[in-house]
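Asks: Sequence first, predicted model second:
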Amino acid sequence: MTKNIVTLSIAIAAFAATAFAQTTAPAGNAENGKKLFASDGCYQCHGYQGQGATPTGPRLGPRPLAFAAFSKYVRQPTGQMPPYTTKVVTDAALADIYAFLQALPAPPSVDSIPALR
């Protein structure tokens with residue numbers, strides 16, 4: 001019975017480590033990501049602050065989707081977005097862009113805008 005508990009504990013720890021690795025983003029430089037977001041043309045569809053617009057592209061920030069999903073979509077998009085392969089945007093550059101999107105401040109709440117009260 002103890003052997004089964006140890007085996008189960010190891011399996012749970014391995015699963016947790018894999019799940020954590022899939023949900024965490026690699027370290028990136030937000031300042032460089034901001035520059036890349038502009039120079040690589042991301043802003044053309046998603047706006048300079050990742051706010052997006054219905055006719056051009058979805059909102060990307062300030063709370064981007066999980067890095068794994070973000071990276072997969074950038075590399076193999078299913079919509080009108082062109083693919084950005086590693087030849088176009090390196091993995092390090094993609095991590096920087098993601099860091100920029102994560103660093104964007106949240107918009108003010110509706111209640112804090114006088115004209116919307």
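Replies: Cool, got the structure. Residues are numbered from 1 along each chain as shown.

Asks: Could you check the pLDDT of residue 9?
Replies: Residue 9 carries a pLDDT value of 46.

Asks: Which positions in the helix or strand harbouring residue 32 come out as buried?
Replies: According to DSSP states H and E, residue 32 maps onto helix 30-39. Neighbour-count burial for helix 30-39, with 16 or more other CB atoms under 10 Å as criterion, is recorded at 30, 32, 33, 34, 36, 37. C-beta here means a position set from N, CA and C on the backbone, and glycine is covered the same way.

Asks: Then stretch 97-111?
Replies: Going by neighbour count (16+ other CB under 10 Å), the buried part of stretch 97-111 is 97, 98, 99, 100, 101, 102, 104.

Asks: Isn't the fifth one up against residue 50?
Replies: Yes. Contact between residue 101 and residue 50 holds when scored by CB atoms under 8 Å: they sit 5.2 Å apart.

Asks: Touching both of the two, which residues are there?
Replies: Residues touching both residue 101 and residue 50 (CB atoms under 8 Å, 6 or more residues apart in numbering): 37, 60, 61, 62, 64.
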